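Colleague: I'll drop the sequence and a predicted model, then ask my questions.
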Amino acid sequence: MKKSDELRKAIDELSLKVTDLNSKEEYVEASKVSGEMASLVEQYKAAKALEEMDAMDMAKAKPAASTSNLSEAELARRAFNKLVRGQRPTDEERNAYRNVTGSPGTPGQIEATSAKGGYLVPTEQMAQIQDKRNEFTQLRNYITVRSTNYTTGTWPTISDQNLVFQSFAELADISEADISFGHADYTVSDMGLIIPVSNQLIDDASSDIVDICGRELALASVRAENAAVIAKLDALAGTNGATATTISSYKAIHKALFKDLPRKFYNSAKIYTNQSGFLYLADLDDGNNRPLFVPDVVQPDKYLFRGKEIVVIEDSLLPNITASTDEFAPFFVGNLAEYVWMFERQGMELAISTEYLWRKYGTALRGVIRFGTVVYDSNAMNAYKVKVN
């Protein structure tokens with residue numbers, strides 16, 4: 001029996017056990033068994049991928065060039081390119097790929113996901129995508145990101161209980177206090193994109209497929225993540241900004257920071273707005289033609305208002321609010337890391353198909369990311385709007 005078949009059988013047995021324990025309301029034990037099952041699932045994925053590698057058609061492989069003088073990173077890149085094209089890497093390339101991507105079950109491990117095969121991007125090439133992502137405003141840098149192995153789940157939450165230590169006399173009872181827990185339910189969604197690639201570009205085993213398409217993959221992933229975060233902010237502002245508070249001067253922004261926002265969120269608070277809102281702030285002065293917001297001394301490309309960073313989002317992603325004949329720029333003030341949490345499953349996955357573009361001399365490259373977002377603490381952000389026409 002194949003290793004993957006043995007692991008599959010064990011997973012099925014544990015799944016039945018978890019179901020039985022849940023029906024008996026033995027949730028603690030069910031959680032432990034679920035952890036064991038998750039570990040077996042990762043082992044199963046690794047075993048399945050290795051078995052499929054061993055079963056690849058040797059006829060597809062091109063004669064291997066001498067690789068004795070190549071670096072491990074170059075060998076790993078060659079292995080990755082061959083894997084996504086359905087070719088068999090040499091033993092040297094395969095070993096280098098394992099060294100670069102990590103041991104079975106860790107992030108970066110190859111994972112077959114379909115009959116055509118799909119593979120997680122190796123660490124080195126994922127770094128290339130991350131470098132290109134840094135060219136754009138990434139709201140994920142301002143929220144809390146958690147890793148998960150599940151497509152759905154629940155994360156415990158706790159609101160501000162205002163607990164205070166109480167004095168007590170010698171040998172006297174210490175006062176007790178209850179804590180109320182809530183929960184945030186998350187669902188991880190699969191998101192993907194297909195990019196046609198010319199075969200002339202990727203026929204060479206040493207060509208960097210990720211570098212060829214990296215900018216588009218990076219931009220697409222940033223847009224998807226930003227849209228998910230902004231959807232949570234839009235819900236806070238309501239339809240057409242109905243629940244957003246109207247502000248008309250810089251003093252109203254002071255109130256938003258110093259009074260409206262709970263103090264525990266103030267230290268890490270930031271101001272989020274679009275390009276129109278940024279222009280509104282840029283035109284504010286103190287009455288003596290001195291601007292009210294200035295560049296950050298440490299990072300001159302960032303701007304501060306009363307010491308709080310201003311995060312600018314393009315108008316196309318965070319459009320102005322239109323109400324009757326008036327137009328308003330949206331403003332969100334608070335701690336976004338406490339307001340929005342993202343649950344991310346694995347890294348970016350690439351798969352390839354030569355049949356998808358059969359009528360053309362091209363290959364289709366498919367990228368897939370998996371994540372979900374939830375509102376963790378609804379008190380951490382407040383929505384505002386300012387008239388700009």
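Modeller: Sure, I can see it.
Colleague: what's the mean pLDDT across the host helix or strand of Tyr280?
Modeller: Using DSSP states H and E, Tyr280 sits in helix 275-282. Helix 275-282 shows a mean pLDDT of 90.
Colleague: what do you get for stretch 71-83?
Modeller: Across stretch 71-83, pLDDT averages out at 75.
Colleague: just to revisit the earlier point, identify each buried residue in the helix holding Tyr280, please.
Modeller: For helix 275-282, a neighbour-count test (16 or more other Cβ atoms under 10 Å) marks 275-278, 280-281 as buried. Yep, even glycine has a C-beta here, placed from its N, CA and C like the rest.
Colleague: kindly report the same for stretch 336-356.
Modeller: Going by 16+ other Cβ under 10 Å, stretch 336-356 has these buried residues: 336-353.
Colleague: turn the buried residues of helix 275-282 into TSV, columns for distance to Tyr44.
Modeller: As requested, the buried residues of helix 275-282 are exported to TSV (distance: Cβ to Cβ, whole Å):
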residue	distance to Tyr44
Gln275	48
Ser276	51
Gly277	49
Phe278	49
Tyr280	55
Leu281	53
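Colleague: just to revisit the earlier point, filter the buried residues of stretch 336-356 down to the ones in helices?
Modeller: Counting by DSSP state H, those place 336-339 in helices.
Colleague: Serialize the residues you listed to CSV and add fields for distance to Glu25 and pLDDT.
Modeller: Shown next, in CSV, are those (distance: Cβ to Cβ, whole Å; pLDDT from 0 to 100):
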residue, distance to Glu25, pLDDT
Leu336, 37, 96
Ala337, 35, 94
Glu338, 32, 93
Tyr339, 33, 94
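Colleague: tell me where the stretch 101-250 of the chain has helices.
Modeller: With DSSP state H, counting those that start in this stretch as the definition, the stretch 101-250 of the chain shows helices at residue ranges 123-133, 199-202, 209-237, 250-255.
Colleague: which of these has the lowest mean pLDDT?
Modeller: Note on the helices of the stretch 101-250 of the chain: lowest mean pLDDT is at helix 123-133, with a mean of 64.
Colleague: same question for stretch 344-358, mean pLDDT?
Modeller: Regarding stretch 344-358, the rounded mean pLDDT is 73.
Colleague: quick one: it to chain centroid distance?
Modeller: Distance, stretch centre to chain centre, for stretch 344-358: 18 Å (Cα atoms, centre = their mean, to the nearest Å).
Colleague: contacting residues around Met342?
Modeller: By Cβ atoms under 8 Å, 6 or more residues apart in numbering, the contact set of Met342 is 140, 143-146, 225, 228-229, 371-373.
Colleague: going through those residues, which ones are buried?
Modeller: By neighbour count, with 16+ other Cβ under 10 Å, those hold 140, 143, 225, 228-229, 371-373 as buried.
Colleague: in this protein, which helix or strand is least confident?
Modeller: Within the chain, no helix or strand scores below strand 118-120, which has a mean of 50 by mean pLDDT, DSSP states H and E.
Colleague: coming back round to it: list the helices and strands the helix holding Tyr280 packs on?
Modeller: Secondary-structure packing of helix 275-282 (3 or more Cβ pairs under 8 Å, 6 or more residues apart in numbering; DSSP states H and E): strand 270-274, strand 303-305, strand 308-313, strand 326-334.
Colleague: make JSON lines out of the ones you listed and add mean neighbour count.
Modeller: Below are the helices and strands packed on helix 275-282 laid out as JSON lines (neighbours: other Cβ atoms under 10 Å):
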{"stretch": "strand 270-274", "mean neighbour count": "22"}
{"stretch": "strand 303-305", "mean neighbour count": "19"}
{"stretch": "strand 308-313", "mean neighbour count": "19"}
{"stretch": "strand 326-334", "mean neighbour count": "23"}
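Colleague: and for Ala76, the neighbour number?
Modeller: As a burial measure, Ala76 scores 25 neighbours (other Cβ atoms under 10 Å).
Colleague: cool, Thr245 as well?
Modeller: With other Cβ under 10 Å as criterion, Thr245 counts 17.
Colleague: with the one 4 residues further on instead?
Modeller: With neighbours defined by other Cβ under 10 Å, the count for Ser249 comes to 10.
Colleague: can you list the buried ones among the contacts of Met342 in JSON lines and add distance to Gln200?
Modeller: Converted to JSON lines, the buried ones among the contacts of Met342 look like this (distance: Cβ to Cβ, whole Å):
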{"residue": "Arg140", "distance to Gln200": "35"}
{"residue": "Ile143", "distance to Gln200": "41"}
{"residue": "Glu225", "distance to Gln200": "32"}
{"residue": "Ala228", "distance to Gln200": "36"}
{"residue": "Val229", "distance to Gln200": "38"}
{"residue": "Phe371", "distance to Gln200": "34"}
{"residue": "Gly372", "distance to Gln200": "39"}
{"residue": "Thr373", "distance to Gln200": "40"}
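Colleague: nearest to Asn389, of those residues?
Modeller: Val229 (26.6 Å; Cβ to Cβ).
Colleague: contact partners for that closest one?
Modeller: Listed by Cβ under 8 Å, 6+ apart, the contact set of Val229 reads 139-140, 143, 336, 340, 342, 373.
Colleague: list just the nearest of those residues to Ala79.
Modeller: Among these, and counting by Cβ to Cβ, the member closest to Ala79 is Arg140, at 29.2 Å.
Colleague: for Tyr142, which non-adjacent residue is closest in space?
Modeller: Closest residue in space to Tyr142, ignoring its immediate chain neighbours: Leu336 at 4.6 Å, by Cβ to Cβ, 6 or more residues apart in numbering.
Colleague: good, wrapping up.
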